[in-house]
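Undergrad: predicted model, plus sequence, below.
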Amino acid sequence: MNKSVRSTIIAGNWKMNMTPSAAKAAVAETAALVAGKTGCEVVLCVPFVDIAAAVEAAKGTNVKIGAQNVHFEAKGAFTGEIAADMLLECGVEYVIIGHSERRQYFGETDETVNKRTKAALAAGLKVILCLGEVLGERQSGITEEIVSMQTKLDLAGISAEDMKNVIIAYEPVWAIGTGLTATPEQAEEVCAIIRGVIAKLYDEKVAQATTIQYGGSMNDGNAAELLAKENVDGGLIGGASLVPAKFAKIVDAAQA
Ligand code: PEP
């Protein structure tokens, strides 16, 4: 089995950028640039308030819309939170869970990442589950232990069937928004480690079918060599996804 058995997914993470009117224009511009590019799935994960405008602008195009978080409870007294069925009804197909900015600044833990993932999958969303080591962990030589532990804890209790709707985004925290990119070899090494953990948790078939993206300062200049690696099945892109022309070039790099 090889790369051809799994989807390549290029996903943008707009983070806290773009008003609804700006989102409408950016989705339309992106959609025009990636039209007919069938070599990968194209997703834009937008702020909650942009979802309606983004979904409308993406209608009839090959751009799919994602959210950047979801709460684990179905409803109730959770002021400021958004439930999975709310996202679905708005036309959202994907949701990012466990992004390092949520882990760093908003107290997200492997336990809450796991709960959110289960809630999202139960509702019918596809999950882009983010994990990765911080700089000190890499420098201490414990990257393998950290990503293995995160993979196990974040996927605890998730069935092989549900894994069809889970995408893993390996995002070394030291590479996010810093301009520092993992080398293709570093990205390949860790994506392969994660695939190995999935094989142990499930089986080789599930592991080979799981899309594992790399994220961390991926851009139009470095995407091709990262995406060429056997175990790198796409990218989660922050900064460069805000500029449609740059994002579209990354989509182009994924067509090979
Ligand atoms: C991200 O937000 O997931 C990310 C990878 O950001 P950037 O591409 O800006 O490093």
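TA: Ah, there it is.

Undergrad: so what's the closest residue to the ligand within the stretch 101-250 of the chain up against?
TA: Distances between the stretch 101-250 of the chain and the ligand by C-beta to the nearest ligand atom are smallest at residue 238, namely 2.2 Å. To be clear about C-beta, it is placed using only N, CA and C from the backbone, and glycine gets the same treatment. Counting by C-beta atoms under 8 Å, 6 or more residues apart in numbering, residue 238 touches 12, 13, 15, 176, 177, 215, 217.

Undergrad: and residue 66, which helix or strand is it part of?
TA: Residue 66 belongs to strand 63-67 when assigned by DSSP states H and E.

Undergrad: for the closest residue to residue 250 other than its chain neighbours, list the residues it contacts.
TA: Leaving aside its sequence neighbours, residue 250 sits nearest to residue 223 (C-beta to C-beta, 6 or more residues apart in numbering; 4.4 Å). Residues counted as contacts of residue 223 (C-beta under 8 Å, 6+ apart) are 235, 249, 250, 253, 254.

Undergrad: surely the third one touches residue 236?
TA: So the one you mean is residue 250. No. In this structure, residue 250 is not within contact of residue 236 by C-beta atoms under 8 Å, at 10.6 Å.

Undergrad: name the residues contacting each of the two.
TA: With C-beta under 8 Å, 6+ apart, residue 250 and residue 236 have common neighbours residue 218.

Undergrad: write out the residues of this structure neighbouring the ligand.
TA: Contact residues (C-beta under 6 Å from any ligand atom) of the chain with the ligand: 13, 15, 99, 171, 176-177, 215-218, 236-239.

Undergrad: same thing but at 8 Å, please
TA: 13, 15, 96, 99-101, 130, 169, 171, 175-179, 215-219, 235-241 (C-beta under 8 Å from any ligand atom).

Undergrad: among those residues, which are located in strands?
TA: 13, 96, 130, 169, 215, 235, 236, 237 (DSSP state E).

Undergrad: which one (most neighbours) among the residues you listed?
TA: Neighbour count (other C-beta atoms under 10 Å) singles out residue 235 as the most crowded of those, with 31 neighbours.

Undergrad: kindly state the beta-bridge partners for it.
TA: Beta-bridge partners of residue 235, counted by DSSP bridges, are residue 10, residue 214.

Undergrad: quick one, strands of the stretch 1-150 of the chain?
TA: Applying DSSP state E, counting those that start in this stretch to the stretch 1-150 of the chain gives strands spanning 9-13, 41-45, 63-67, 94-97, 126-131.
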